[in-house]
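> okay, sequence plus prediction incoming.
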There are 2 protein chains.
Amino acid sequence: MSGGLDATHDPALRSWVASANRPDSDFPIQNLPFGRFRVDGQPWRIGVAIGDQVLDLRLAAQARALPESLSESLVPLAAGDLNAFMALGPGARVALRRALSGALAAGSVAQASLSSCLVPQARAELGVACEIGDYTDFYVGIHHATAVGKLFRPDNPLLPNYKWVPIGYHGRASTILPSGQDFARPWGQLKAADAEAPVLRPTARLDFELEMGIVIGGANAPGEAVPIERAEEQVFGLTLFNDWSARDVQAWEYQPLGPFLSKNFASTIAPWVVTLEALAPFRRPFARAAGEPRPLPYLHCDSDAASGAFDVGLEVWLSTARMREQGLGAHCISRSNFADAAYWSVAQLVAHHTVGGCALRPGDLFGSGTLSGPRPEQAGSMLELSQGGKQPIQLPGGEQRSFLEDGDELSLRGVCERPGAVRIGFGACSARVLPARPRP
Amino acid sequence: MSGGLDATHDPALRSWVASANRPDSDFPIQNLPFGRFRVDGQPWRIGVAIGDQVLDLRLAAQARALPESLSESLVPLAAGDLNAFMALGPGARVALRRALSGALAAGSVAQASLSSCLVPQARAELGVACEIGDYTDFYVGIHHATAVGKLFRPDNPLLPNYKWVPIGYHGRASTILPSGQDFARPWGQLKAADAEAPVLRPTARLDFELEMGIVIGGANAPGEAVPIERAEEQVFGLTLFNDWSARDVQAWEYQPLGPFLSKNFASTIAPWVVTLEALAPFRRPFARAAGEPRPLPYLHCDSDAASGAFDVGLEVWLSTARMREQGLGAHCISRSNFADAAYWSVAQLVAHHTVGGCALRPGDLFGSGTLSGPRPEQAGSMLELSQGGKQPIQLPGGEQRSFLEDGDELSLRGVCERPGAVRIGFGACSARVLPARPRP
């Protein structure tokens, strides 16, 4: 398990970047998440968020304000290549994190040289942090799987494999969009239950999915399984992820090989990858309830039982076009928590994904699956919140929603908080639904 | 539709590379497929197969034996980057093909400079032709879908969506292996019907899938659909593809989101991508039988009806360890044809994949799905050939096979032949099954 507590987590640690010290900042000096950004159409750079600024790691490397021992790590970062940095392994990440923590701390002599390496986040365009190779979407949210299963199979919502197999399927990397990139409502084949034939239409059941993204940093060769005890060494960090879904397209297309066009038109990923080290104070036991089957040995890990879960509070905020016209702010439509929602740990996902010999590569992405909490109002999708469209949710200003409408802007938030630790945030993962494009 | 007939298809055209003129060569001067190779661990190069040689396009660019107008196209090729060349579009490919056809033709003045740019294929390591971004596996083989469906649903083998939706799902790019790279039998969760719990075991039902690979050369932006009339412009060429499958793992894991570990441990791709231009003499009408539903307008294309199918003869060859010990050659266990097996055209796959706005990128790969012919002995998988394992096939030397055993080597072959045209081959797509690796 990487990332025990050290001085980088000291709650008394403050930064010379004043905005990082605000109690409501997502990016205190204890966080230091990685992302990719650019300014004025210049080439993409790798940066670390600190308060409302980004530390430009190319400029930082040029300023020689960090220890000489990091020079090898800084080469790919200065070149804008987070994948190559991730491939150096957790040691390089931990060392850089310690150096940045020292250099950005109040009183550091590095302030003089690093202060010119800061870019206000408000001036930067934030992209996708790395090149995503293969993207896998899991289905770890047991409350989601149960609620969705109930819509189709009221008496038998969870399939027999759910508590044995970390269910997952391959997704589409080419349409993972950076937060803030809006997308058009997708077209797709829909078939009404009583219709003879399907039609091509813009989806009428556009949904979001509240997920965590798990960014893979390590590599295993084809044929090589990663044992669960070493599984977290393959993980670089976590981020927020929204796997937009067209439920009506999904219902018609998904048999027998799973979702396809209903999921591959757009997924939105947050700009910042929060490292496992930053999350160390927020680990919790990953415990199965009594009576649940014991995982097969390749999925069993003593350290999971001690600290396999991540206590990340999650929120979903919705703002409609009419709400914005009326001057109403976004409305929180759901609150959940990664630790409460997930039936499988991150380590279990890595161990399972590789047990048959599947190769992972730096920059691969796992989606957790929809992270609905145990109560109905904690659901991570409109499908659940509206009970399959039968029970619309109420919004400020008098509107209702069963599924998403054009102009709706959806934003995911993630925050780690506990007494005695500094709040760690994930930033926002947001996009707006544009009207369907004309089709010839 | 790209690639009408021109002088490059002239059956009288012969090459100064003598081996290209043999009637049984896969790579006559009318073919000129692209691939990636290296010699003695040197960097990967892009080459074109001609007879039993590879024309090294880096050396050819340096030799300045090709027209000056191609210099822009040769930059990415000389750099070993087929993806960047594909991104230049069909025009660059057609122009280079014409130039190579002229330069490699018997009597060409380019022989003097190009003869030193040839590498014997026997000396070269052949890799995967391009960097594969996203890989999608389709399910166009209607005889396969019917036969497999019958094993599960004897009365209703084809699901209601099959004749409306080109069924597909996302696969794993990281474990697409070059032909000749052997792989270990994968482990996975298996559950016997009468068992209380699953176990982790090496698969006992290892299978192959006879597929064509469709290499995407063009790009469309997220949100942008490719109209079917222009769909083939996005395709660079075809190759052979074997999507190895663990049927027992698949049966336990695939509900409700589709195949995952049962398909992502290894897929084998042939080294050569045969361009659409080379295949122009082998196009056939893509016709639906009377009574089949008319495709929705976005999937309907008049040129498909004229020439949407590819007449590629396919063969599956098996050699077991014992057969090799006994000095027996490989045995052909199935013969099929792309045109007879596919319910959906290549153009329809591109149009469907993008209709919801999914972005394709140069280097993306489609698998066709298993291309079983209409008769049982034309099946493209062991699952079908052995009727779900109930009826083993007989091999020379007295062995039987229901599924693949350790030491089995499976090889796919593809050949286009018709009177008045020169035979175009796809080379071989081969790999051997190694014993499962020990797991701790």
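Yep, it's here.
> tell me the contacts of the one residue in the stretch 251-400 of chain A that gets nearest to chain B?
Among the residues of the stretch 251-400 of chain A, residue A:258 lies nearest to chain B; the distance is 2.3 Å by Cβ to the nearest Cβ. Glycine gets a C-beta too; all of them are placed from N, C-alpha and C. Contacts for residue A:258 were tallied using Cβ atoms under 8 Å, 6 or more residues apart in numbering or on different chains; they are A:169, B:169, B:254, B:256, B:257, B:258, B:259.
> could you measure from the nearest residue to the third one once chain neighbours are set aside over to residue A:169?
What that stands for is residue B:254. The spatial neighbour of residue B:254 that comes closest, neighbours along the chain excluded (Cβ to Cβ, 6 or more residues apart in numbering or on different chains), is residue B:262 at 7.0 Å. Going from residue B:262 to residue A:169 by Cβ to Cβ, to the nearest Å gives 11 Å.
> go on, residue A:342?
As judged by Cβ to Cβ, residue A:342 and residue A:169 stand 17 Å apart.
> check residue A:387 too.
The span separating residue A:387 from residue A:169 equals 25 Å under the rule Cβ to Cβ.
> ok, these two, which is more surrounded?
In this view residue A:387 and residue A:169 are compared by other Cβ atoms under 10 Å in any protein chain shown, and residue A:169 has more residues nearby, 25 against 17.
> SS state for the more buried one?
strand (DSSP: H, G, I helix; E, B strand; the rest coil).
> for the host helix or strand of residue A:148, packing partners?
Under DSSP states H and E, the secondary-structure element containing residue A:148 is helix A:142-152. Helices and strands touching helix A:142-152, as assessed by 3 or more Cβ pairs under 8 Å, 6 or more residues apart in numbering or on different chains; DSSP states H and E, comprise helix A:338-341, helix A:382-385.
> out of those, which gets nearest to residue B:309?
Proximity to residue B:309 (Cβ to Cβ) singles out helix A:382-385 among those, at 39.8 Å.
> who touches that closest one?
For helix A:382-385, with Cβ under 8 Å, 6+ apart as the criterion, the contacting residues are A:144, A:147-148, A:151, A:205, A:207-208, A:245, A:247, A:333-334, A:370, A:372, A:376-377, A:379, A:389, A:393, A:401-404.
> doesn't residue A:428 lie inside a strand?
Yes. For residue A:428, which was evaluated using three-state DSSP, the result is membership in a strand.
> contact partners for it?
A:179, A:240, A:270, A:411, A:412, A:413.
> max pairwise distance over the residues you listed: which two?
A:179 and A:413 (11.2 Å).
> between the two, what contacts are shared?
In terms of Cβ under 8 Å, 6+ apart, residue A:179 and residue A:413 are both contacted by the residues A:428, A:429.
> which other helices and strands contact the least confident helix or strand in chain A by mean pLDDT?
Taking mean pLDDT, DSSP states H and E as the measure, the helices and strands of chain A show their lowest mean at helix A:302-307, namely a mean of 88. Under the contact definition 3+ Cβ pairs under 8 Å, 6+ apart, helix A:302-307 sits against helix A:346-355.
> measure how far the helix it packs on is from the centre of its chain, please.
Computed by Cα atoms, centre = their mean, to the nearest Å, the separation of helix A:346-355 from the middle of its chain amounts to 17 Å.
> appreciated, that's everything.
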